[in-house]
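# Turn this into a model:
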Amino acid sequence: MKVCALILARESSKSIESKNLVKLNDVPLLSYVIKPALECEFFDEIWVSTDSEAIIDLIERIHRSVHIFKRSKQMATDECSSLAAVQEFLNFKKDAEIICLLQATSPSLYPQYLREAFEKMKQFQYDSVFSVTRDHKLRWSNCGNGVMRAINFDVSRRPRRQDWDGELVESGHFYFATRELIMSRNLLQNEQNTGYVEMPIEMCIELDYQWQIPVLEIILKNHGYIKALQTRMK
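Numbering: from 1, shown residues only. Okay, the predicted model is just below:
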């Protein structure tokens, strides 16, 4: 059973130019997810799917054990879904039975969370396992004409934070899935026969906007795996 990690890293980005190459604390964004993946012994191969020559150059210079899949132009547009891009890769990589889709824009990641997810895939024979975090926000829907509707709570019994478990929200860090689920059922996740790995909220900010760069740099100094590696090596 071949297990592959896959990182989708397009050249273009609407929010931040060349986002996947942005340096946080002098380390490229991509490296923050590649490093913990390399520490996981169960990955047979790690791949980066990209249409960017600059990203290819980075991989060849810094992460030589990582494989490069040249993403087609039609699969590198803003309109292309992650599912379609993963399916393109699996049409090329015929022997991959389990895929771990790693999101480059969620850089605070440790190998232990990937190991936990893979163990759940094996132990329970899940179709998919993905990362979540716990959220305690009270959500509303605007119905128009001055009408608001509470979505996840009863307004007559407004809960205190300590009185409820909150909601599980996708953190975006990773999505493990079987080939069969992705290719035959056109899904990255399943509502049944699926599991999750809960991650701390302080590790769950994604890089989508310019203002988040200094915030992420602070978070990664405290909750980044590359910083932990550097400390361990001293």
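
# Against M1, how distant is the residue nearest to S131 when sequence neighbours are not counted?
Excluding the flanking residues, the one nearest S131 by CB to CB, 6 or more residues apart in numbering is H173, at 4.1 Å. C-beta here means a position set from N, CA and C on the backbone, and glycine is covered the same way. According to CB to CB, to the nearest Å, H173 stands 22 Å off from M1.

# quick one, which of those two is more surrounded?
Taking neighbours as other CB atoms under 10 Å, H173 and M1 compare with H173 leading, 28 against 12.

# Kindly confirm my reading that that one is in a helix.
No. Going by DSSP: H, G, I helix; E, B strand; the rest coil, the assignment for H173 is strand, not a helix.

# check contacts around A76.
Each residue near A76 by CB atoms under 8 Å, 6 or more residues apart in numbering is listed here: R10, E11, S12, T50, D51, A85.

# quick one: which of those residues has the most company?
T50 (24 neighbours).

# what about the closest residue in space to that one that isn't next to it in sequence, distance to Q103?
Nearest residue to T50 in three dimensions, chain neighbours excluded: A9, at 4.6 Å (CB to CB, 6+ apart). Going from A9 to Q103 by CB to CB gives 10 Å.

# And P214, by the same measure?
P214 is 21 Å from Q103, by CB to CB.

# Comparing these two, which shows the higher neighbour count?
Shown here are P214 and Q103; by other CB under 10 Å, Q103 has more neighbours (21 against 10).

# neighbours of E119, just the number please.
When neighbours are counted by other CB under 10 Å, E119 comes out with 14.

# Work out for me the element it sits within.
helix 111-124 (DSSP states H and E).

# pull the helix or strand with minimum mean pLDDT from this structure.
helix 225-233 (a mean of 65; mean pLDDT, DSSP states H and E).

# pLDDT value on the most far-flung residue of the chain relative to its centre, please?
Relative to the centre of the chain, and counting by CA atoms, centre = their mean, the farthest-placed residue is N145 at 38.4 Å. For N145, the pLDDT comes out at 96.

# neighbouring strands for the helix or strand harbouring V169, and are they parallel or not?
Using DSSP H and E, V169 maps to strand 167-178. When pairing is defined by DSSP bridges, strand 167-178 lines up against strand 96-102 (antiparallel), strand 128-135 (antiparallel).

# Which element is encountered next along the chain beyond it?
Downstream of strand 167-178 (by DSSP H and E), the next one is helix 179-184.

# helices or strands next to that next one in the packing?
With contacts taken as 3 or more CB pairs under 8 Å, 6 or more residues apart in numbering; DSSP states H and E, helix 179-184 sits against helix 82-92, strand 96-102.

# tell me the most buried of the ones you listed?
Of all the helices and strands packed on helix 179-184, strand 96-102 carries the top mean neighbour count, a mean of 23, counting by mean count of other CB atoms under 10 Å.

# How far away from the center of its chain is it?
12 Å (CA atoms, centre = their mean, to the nearest Å).

# Just the C-alpha atoms of that strand, please, in CSV.
Extracted in CSV, the C-alpha atoms of strand 96-102 (Å, rounded to 0.1, in the frame of the first residue of the first chain):
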residue,chain,number,x,y,z
ALA,A,96,-0.7,5.5,-4.8
GLU,A,97,-3.4,4.0,-2.6
ILE,A,98,-3.6,6.6,0.1
ILE,A,99,-3.0,10.4,-0.5
CYS,A,100,-2.3,12.9,2.2
LEU,A,101,-3.1,16.4,0.8
LEU,A,102,-1.0,18.9,2.7
